[in-house]
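Asks: I'd like to go over a predicted model; first the sequence, then the structure.
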Amino acid sequence: MNESQTMLIVEDNDDDYFATMRAFSKANFANPVRRCTNGDQALDYLFQRGEFSAPDAAPRPSIILLDLNLPGTDGRSVLHAIKSAPGLQKIPVIVLTTSNAEQDIEQCYAAGANSYVQKPVDFEGFVVAIARLSEFWLEVSILPKSGL
């Protein structure tokens, strides 16, 4: 991933968000990161509505980390909206959530999730998971250019 490409993290839990950012720091991840704390805000960001309607307010993300259990519009609905929108559907979406329910996993892949990762309970496990995600999605994979 080139350092000018933006990552969007949709995460309502501050502890999980800051743990993710610490893990990125340990992995020398230097890309810009934007955060939305609920599903409605994520949809406004992605569709450049409301507070994100100014041209530079919401850079198109190259990758999205999405929690499922969000206040307001949940992550499942956000995923469906992303994968249903021609301008957004090619953006890789990694579901990063505490749920290991088979129904959630199946629904997310059926809706077009590119990966489904259960958040480890302990911080060290979380750091390892984020480092592995970073390595694969940001160093190994070639992502579509922003603005597709």
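Replies: Noted; the coordinates are in hand. Numbering: from 1, shown residues only.
Asks: count of residues packed around residue 71?
Replies: Neighbour count of residue 71, defined by other C-beta atoms under 10 Å: 11. The way it works is simple: take the backbone N, C-alpha and C, and place the C-beta from them, glycine included.
Asks: can you pull the pLDDT of residue 31?
Replies: At residue 31, the pLDDT value in this model is 82.
Asks: tally up the residues packed near it, please.
Replies: 17.
Asks: how about the contacts made by the residue most central in space within the chain?
Replies: Geometric centre of the chain, nearest residue: residue 65, 1.5 Å, by C-alpha atoms, centre = their mean. By C-beta atoms under 8 Å, 6 or more residues apart in numbering, the contact set of residue 65 is 7-11, 20, 94, 96, 133.
Asks: mind putting those residues in CSV, pLDDT included?
Replies: Output for the contacts of residue 65, formatted as CSV (pLDDT from 0 to 100):
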residue, pLDDT
7, 91
8, 96
9, 97
10, 98
11, 97
20, 88
94, 96
96, 92
133, 83
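Asks: same list (those) but as TSV, adding secondary structure and distance to residue 30.
Replies: What follows is those, written out as TSV (DSSP: H, G, I helix; E, B strand; the rest coil; distance: C-beta to C-beta, whole Å):
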residue	secondary structure	distance to residue 30
7	strand	11
8	strand	16
9	strand	15
10	strand	21
11	coil	20
20	helix	15
94	strand	19
96	strand	20
133	helix	16
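Asks: quick one on the thing from earlier: check which helix or strand covers the residue nearest to the centre of the chain.
Replies: strand 61-66 (DSSP states H and E).
Asks: could you do residue 12 as well?
Replies: For residue 12, there is no enclosing helix or strand under DSSP H and E.
Asks: now do the same contact list for it.
Replies: 37-38, 67, 69-71.
Asks: can you list the contacts of residue 65 in a markdown table and add distance to residue 48 and neighbour count?
Replies: Below are these laid out as a markdown table (distance: C-beta to C-beta, whole Å; neighbours: other C-beta atoms under 10 Å):
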| residue | distance to residue 48 | neighbour count |
| --- | --- | --- |
| 7 | 17 | 22 |
| 8 | 13 | 25 |
| 9 | 18 | 23 |
| 10 | 16 | 30 |
| 11 | 20 | 25 |
| 20 | 24 | 26 |
| 94 | 22 | 18 |
| 96 | 24 | 25 |
| 133 | 26 | 20 |
